[in-house]
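Trainee: Sharing a sequence plus its predicted fold:
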Amino acid sequence: MQRDLVVTVDEAVCIGSGNCVLHAPGAFVQDEEMIARVADLGAAGIDAIRNAAAWCPSGAITVTEAVDG
């Protein structure tokens with residue numbers, strides 16, 4: 001059984017604080033309007049990605065596990 005993270009950013013909720021980029025660099029980036037985007041989840045560990053979601057002041061980041069198998 002394989003577990004994969006499913007990470008989304010609600011662009012309408014993101015306030016551009018940059019906490020996600022600080023806590024999980026590479027996994028998240030900010031566009032020209034400072035809105036967060038998921039970039040490369042392999043660039044950061046699962047704990048860092050979960051911390052990025054936890055530290056998001058607007059709650060724009062959702063992390064769930066998809067189970068295949």
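Mentor: Perfect, thanks for sending it. Numbers count the residues shown, from 1 in each chain.
Trainee: Could you pull out the helices in the protein for me?
Mentor: Ranges of helices in the chain, per DSSP state H, are 19-23, 46-54.
Trainee: Which of the residues in stretch 15-35 are classified as buried?
Mentor: 17, 19-21, 23-24, 27-28, 30, 35 (16 or more other C-beta atoms under 10 Å). No exception for glycine: its C-beta is placed from N, CA and C like everyone else's.
Trainee: Identify, from those residues, the entry nearest to residue 61.
Mentor: Ranked by distance to residue 61 (C-beta to C-beta), the buried residues of stretch 15-35 are led by residue 20 at 6.0 Å.
Trainee: In a markdown table: the helices of the chain, plus mean pLDDT and distance to residue 10.
Mentor: Formatted as a markdown table, those follow (pLDDT from 0 to 100; distance: least, C-beta to C-beta, whole Å):
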| stretch | mean pLDDT | distance to residue 10 |
| --- | --- | --- |
| helix 19-23 | 98 | 12 |
| helix 46-54 | 96 | 11 |
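Trainee: Now do the contacts for the residue lying closest to residue 49 once chain neighbours are set aside.
Mentor: The shortest distance from residue 49 to any non-neighbouring residue, by C-beta to C-beta, 6 or more residues apart in numbering, is to residue 24 (5.0 Å). Residue 24 is in contact with 43-44, 48-49, 51-52, counting by C-beta atoms under 8 Å, 6 or more residues apart in numbering.
Trainee: 6 Å instead, please
Mentor: 44, 48-49, 52 (C-beta atoms under 6 Å, 6 or more residues apart in numbering).
Trainee: among those residues, who's most crowded?
Mentor: residue 52 (24 neighbours; other C-beta atoms under 10 Å).
Trainee: Where does the prediction get shaky in this structure?
Mentor: Where the chain drops to pLDDT under 70, the residues are 1-3, 68-69.
Trainee: Would you state the strands of it in chain order?
Mentor: 2-9, 28-30, 36-38, 61-68 (DSSP state E).
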